[in-house]
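Below: sequence and its predicted model.
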Amino acid sequence: MANPPHGGVLKDLIARDAPRRKQLAEEAETLPAVVLNDRQLCDIELILNGGFSPLEGFMNEKDYNGVVEKNRLADGNLFSMPICLDLEKEDIDELGIKAGKRVCLRDSRDDRNLAIMTIDDVYQPDKKKEAKEVFGGDPDHPAVKYLFQVSGDYYVGGKIEAIDRLMHYDYVGLRYTPAELRLHFDKLGWSRVVAFQTRNPMHRAHRELTVRAARQRQANVLIHPVVGMTKPGDIDHFTRVRVYQALLPRYPNGMAVLGLLPLAMRMGGPREAIWHAIIRKNHGATHFIIGRDHAGPGKNSKGQEIYGPYDAQYAVEKYKDELGIEVVEFQQMTYLPDSDEYRPKDEVPKEIKTLDISGTELRRRLRTGGDIPEWFSYPEVVKVLRESHPPRNKQGFTVFLTGYTNSGKDAIARALNVTLNQQGGRSVSLLLGETVRSELSSELGFSRDDRDKNIQRIGFVASELTRAGAAVIAAPIAPFEASRKAAREMVEKHGSFYLIHVDTPLEYCEKTDKRGVYKAARAGKIKGFTGVDDPYEAPSDKEADLVVDVSHDNVRTAVHQIVLLLEAEGLLDQL
Ligand SMILES: Nc1ncnc2c1ncn2[C@@H]1O[C@H](COP(=O)(O)OS(=O)(=O)O)[C@@H](OP(=O)(O)O)[C@H]1O
């Protein structure tokens, strides 16, 4: 039998309310709707399926205060994380939200009505207190930032009735609700299950740790990674799930099961560890692994760790007797090359040689295509990671040339296009100013707003192509710094961005202009022409990655300089 849920009863609201589903769905159509954001969607999913038992809705003020101050719901049950429906005052007024009213809770992704909430109360949380008590108060803590920058100023508490489950289209077969997991354990005859929480790819150390924990407790393993919201910058869950799937056959026959948890993490270290343990208990696990720096937010802006490495273990220790799930504490695992085995750090004598590869080092090796040894990770896991993290010479990038009309930017862009095509290995896209104007921005003029929109479109297209691994060469005038910066930011989400300032003096551009556009602009036939009667904000040394000038050097030299820059960045290696 699986572990009893927290509070004694699994609050599977979907199952509970299934007989009234049709009636609730009809009522929801008549109610004002609160459209839930990403975090609220993760929260409601686990309220609806019982993952947050004994919660039956979003916390009212009494529960919230108890949780913030004492880790306890009003009924005395242990609960460490506030689960609140945050709204802004305007939404509350607009929807007429007040105690006693019913509102429908709607999925922002597909407009489906998920639940009806009967409002208990509307209250203004003391955010400072919540930040301090729950997360430790560091202003750099991601959950504290979320609280002050994203979260609404009012919380709305109340129980909910379930209409429908959330729709997912990825890895549906691995998304077990607590009831489904319990049934699964039951079918397998598993009565002792060690759950393992993770938001990272798993390597050999994790496999060794979970197998060791299971063997010590004569239990099976539930690999229970978070696929809701994790720490910004984490490896995406698509890649991670492929990693877990690749790792699963490495467990002794049938020892482990993989289930995905749609949780929105808060990175709340000690508080989060207690919460995680409760969630796993609700999913039927009897044991829960808490290792080093569990759900840690990392360092603050002063470079200090926000929590101590074992704070989460100490916190859970405090509630050990009433938690109802046995916590298995582990020190970090380390590799012993002489005996080819992993052991917890605290069990390794000082004189024994150990090896580790940090997350930062792993990312570096993925980026550079560097060796990832088999003692660290299984080849099939590395293969998945390498597919999602191609080395520099397979990554996309954008070369963004800015300068006056006839500064030579188009000639350089064309020549660079030919050079990169000759090298091969990547598809190359050329976005000349005029091409973009006719193909993408034909309705736009040359006002500041229109120019900004034009550059925004170029930035968007460049970022999508960069994401797909292409080399992009863009060559608009791009006279304004703010829009160039915005384009850089968009592209840098997916690859490298290089701003090349084609700093050919205006007089030269004008003197050598064979198309007569400057002449026309001087004669007033073209209005708002950059350099004539419209400004050009020249990039500063800090903004530009390279400055070229075709009045001094020729186009070939400029192209050569750009190629050298790309080579130095490792982007053109071994193509
Ligand atoms: N005010 C005005 N009126 C008419 N035509 C103009 C005007 N300003 C620019 N141009 C010509 O349009 C070409 C593309 O401009 P851009 O899209 O690069 O400008 S911007 O970056 O959006 O500011 C650009 O050509 P290239 O510089 O050769 O790409 C200009 O010759």
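Here it is on my side, so go on. Numbers count the residues shown, from 1 in each chain.

Quick test: name the residue nearest the centre of the chain.
Pro232 (4.3 Å; Cα atoms, centre = their mean).

quick one: whichever residue of the chain sits closest to the ligand and Leu362, what's the gap?
With Cβ to the nearest ligand atom as the measure, Gly433 is the residue of the chain nearest to the ligand, at 2.6 Å. Backbone N, C-alpha and C define where each C-beta goes, glycine included. Counting by Cβ to Cβ, to the nearest Å, the gap between Gly433 and Leu362 amounts to 41 Å.

same deal with Ile279?
Taking Cβ to Cβ, one finds Ile279 at 28 Å from Leu362.

Settle it for me: which of these two has more neighbours?
Ile279 (25 against 20; other Cβ atoms under 10 Å).

tell me which element the more buried one is part of?
helix 269-282 (DSSP states H and E).

quick one: that helix to chain centroid distance?
21 Å (Cα atoms, centre = their mean, to the nearest Å).

Just checking: what are the partner strands of the next helix or strand after that helix?
Sequence order places strand 287-290 as the next helix or strand after helix 269-282, per DSSP H and E. Within its sheet, and counting by DSSP bridges, strand 287-290 is paired with strand 193-198 (parallel), strand 326-329 (parallel).

which residues are in contact with the helix or strand following the last one?
Spelled out, that is strand 326-329. Per DSSP H and E, the first helix or strand lying C-terminal to strand 326-329 is strand 333-336. Strand 333-336 is contacted from outside by 204-206, 208-209, 341-345, 348, 352-356, 375-376, using Cβ atoms under 8 Å, 6 or more residues apart in numbering.

Stretch 481-490 too?
Residues contacting stretch 481-490 (Cβ under 8 Å, 6+ apart): 400, 402, 451-452, 455-456, 458-460, 462-463, 474, 478, 497, 499, 537, 539, 543.

That one: which residues count as buried?
For stretch 481-490, burial by neighbour count (16 or more other Cβ atoms under 10 Å) applies to 483-484, 486-488, 490.

Ok, stretch 462-473 next?
Buried-residue list, stretch 462-473, by 16+ other Cβ under 10 Å: 462-463, 465-466, 469-473.

circling back to that earlier point, narrow the contacts of strand 333-336 to those that are buried.
By 16+ other Cβ under 10 Å, those give 204-206, 208-209, 342-344, 348, 375-376 as buried.

For the helix-or-strand element of the chain with minimal mean pLDDT, C-alpha coordinates in CSV please.
The helix or strand of the chain with the poorest confidence is helix 359-368; it has a mean of 85 (mean pLDDT, DSSP states H and E). Provided in CSV are the C-alpha atoms of helix 359-368 (Å, rounded to 0.1, in the frame of the first residue of the first chain):
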residue,chain,number,x,y,z
GLY,A,359,27.3,22.2,-13.6
THR,A,360,29.1,25.2,-15.0
GLU,A,361,32.0,23.0,-16.3
LEU,A,362,29.5,20.6,-17.9
ARG,A,363,27.8,23.5,-19.7
ARG,A,364,31.2,24.7,-20.9
ARG,A,365,32.0,21.3,-22.3
LEU,A,366,28.7,21.1,-24.0
ARG,A,367,29.3,24.5,-25.5
THR,A,368,32.8,23.7,-26.7
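
so what's Lys11 up against?
Counting by Cβ under 8 Å, 6+ apart, Lys11 has contacts 5, 47, 50, 52-56.

Which pair of these spans the longest distance?
Pro5 and Ile47 (13.3 Å; Cβ to Cβ).

and the closest residue to Ala273 other than its chain neighbours, what does it touch?
With Cβ to Cβ, 6 or more residues apart in numbering as the criterion, Ala273 has its nearest non-adjacent residue at 3.7 Å, and that residue is Ala312. Remark: with contacts taken as Cβ under 8 Å, 6+ apart, Ala312 is in contact with 269-270, 272-273, 290, 293-296.

SS state for Ala312?
helix (DSSP: H, G, I helix; E, B strand; the rest coil).

And the pLDDT for it?
Ala312 carries a pLDDT value of 95.

Same question for Arg392.
In this model, Arg392 carries a pLDDT of 86.

and the nearest residue to it once chain neighbours are set aside, what are its phi and psi?
Nearest non-adjacent residue to Arg392, counting by Cβ to Cβ, 6+ apart: Gly570, 3.8 Å away. Torsion angles at Gly570 (phi, psi; degrees, to the nearest 10) stand at phi 80, psi 10.

okay, the strands paired with strand 287-290 in CSV with mean pLDDT and distance to Ala15 next?
Converted to CSV, the strands paired with strand 287-290 look like this (pLDDT from 0 to 100; distance: least, Cβ to Cβ, whole Å):
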stretch, mean pLDDT, distance to Ala15
strand 193-198, 98, 21
strand 326-329, 94, 27
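
what helices or strands is the host helix or strand of Lys128 leaning on?
Secondary structure assigned from DSSP H and E places Lys128 in helix 127-135. Helix 127-135 sits against helix 61-70, helix 142-149, with contacts defined as 3 or more Cβ pairs under 8 Å, 6 or more residues apart in numbering; DSSP states H and E.

what residues are up against Glu317?
327, 329.

same check, this time on the one 4 residues further on
Residues in contact with Asp321, defined by Cβ under 8 Å, 6+ apart, are absent; none qualify.

What strand or helix carries it?
Going by DSSP H and E, Asp321 is part of helix 320-323.
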